[in-house]
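Q: structure of the sequence below:
(one chain, ligands or ions: 1)
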Amino acid sequence: MKLGVNIDHIAVLREARKINDPDPLDALSIAKRAGAAQITIHLREDRRHIHDSDVTRIIESSALPVNIECANSLEILDFLLPLKPSRLTLVPEKREEVTTEGGLNVSEKLLPTLEKILQNDIDVSLFIDSNSVENALFLRDKLGLTSKDSSFGIELHTGKFANIFLMLESNLGRTQHAIKELELPRNKLRKMLIDELNLIESSANLACQNGLGVYAGHGLNYQNVGLIANIDSISELNIGQSIIARAVFVGLESAIKEMARLIV
Ligand code: PXP
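A: Numbering: from 1, shown residues only. Purely as a prediction, here's the structure:
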């Protein structure tokens, strides 16, 4: 299974001081050396971490394919399309959110954007909840693509799975970051985790059987990643926060290598 390393959180640390350090660009060669298959960054409309100049420099310098997450926004796409990243991943975006909460609303409204991206020879992926695979397949058909076209894929949002896992298997529930709606008895959480995992697996299987590129990400960490990496129909995971958090203590190269070993 391929590992895409999301390096946004290096820019988050930089923005905590509003200086030039640490520079996400410095992660590129380390990620390659450590066995990453892809660099992932999210250019948010509010530019809260990754800036336009980061995107330009990263695409120019990266020896690995660059996957850019962005909202379906004209302003963002006008900037990104001429830069020709390997892939654009469309994500929903709300200004007030801490991170991307939930998957895209997959409707025909996305078609003009998808056409534009594909016309520019850039692969496209939709960041979706597990129950939206059928809708993604519908859009692929509408675009005139077939199961042979590798330019269209989906990334399954693993955030719900990750949140349940955290409340079940870590001390999050005893901290101020406890997830209120998941303050539930452990047997209930266990059942929710199994149900969510089964849903991710059946959706990934459906997508894979129909020839979509199947990726997953959000909230994956060293403790929970094995459960998702066991799903054969998923070919790539995009992981950011947990890798950068671990890198603070062991260095980025070791943190990526450890994760890569867990998902082989
Ligand atoms: N994939 C997508 C589409 C995302 O939006 C994010 C978060 O930016 C990630 C993967 C990585 O999530 P995390 O930082 O929780 O590993």
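
Q: quick one: the helix or strand residue 161 falls within near the ligand?
A: In this structure, residue 161 sits in helix 159-169 according to DSSP states H and E. No: with Cβ under 6 Å from any ligand atom as the criterion, the ligand is not reached by helix 159-169; the gap is at least 7.2 Å. C-beta here means a position set from N, CA and C on the backbone, and glycine is covered the same way.

Q: starting at the chain centroid, how far to the next helix or strand after that helix?
A: Using DSSP H and E, the helix or strand that follows helix 159-169 towards the C-terminus is helix 186-209. Offset of helix 186-209 from its chain centre (Cα atoms, centre = their mean, to the nearest Å): 18 Å.

Q: other SSEs contacting helix 186-209?
A: helix 133-142, strand 152-157, helix 159-169, strand 213-217, helix 225-229 (3 or more Cβ pairs under 8 Å, 6 or more residues apart in numbering; DSSP states H and E).

Q: residue 104 and residue 71 touch, don't they?
A: No: under the criterion of Cβ atoms under 8 Å, residue 104 makes no contact with residue 71, lying 9.4 Å away.

Q: just want to know which of those two has more residues nearby.
A: The neighbour comparison of residue 104 against residue 71 (other Cβ atoms under 10 Å) goes to residue 104, with 24 against 19.

Q: what about the more buried one, which SS state?
A: Here residue 104 is recorded as coil under DSSP: H, G, I helix; E, B strand; the rest coil.

Q: ramachandran angles for it?
A: phi -70, psi 150 (degrees, to the nearest 10).

Q: flag every residue of this protein that's near the ligand.
A: For the chain, the contact set with the ligand under Cβ under 6 Å from any ligand atom comprises 6, 8, 42, 69, 89, 91, 99-100, 127, 155, 217-220, 238-242.

Q: tell me which entries of the residues you listed lie within helices.
A: When those are checked against helices using DSSP state H, the ones located there are 8, 241-242.

Q: what residues does residue 149 make contact with?
A: Counting by Cβ atoms under 8 Å, 6 or more residues apart in numbering, residue 149 touches 140, 211.

Q: wait, a helix at it?
A: No: residue assignment for residue 149, taken from three-state DSSP, gives coil, which places it outside any helix.

Q: show me where pLDDT drops low in the chain?
A: Applying pLDDT under 70 to the chain flags residues 95.

Q: mind checking how far residue 126 is from residue 190?
A: If you measure residue 126 against residue 190 using Cβ to Cβ, to the nearest Å, the figure is 30 Å.
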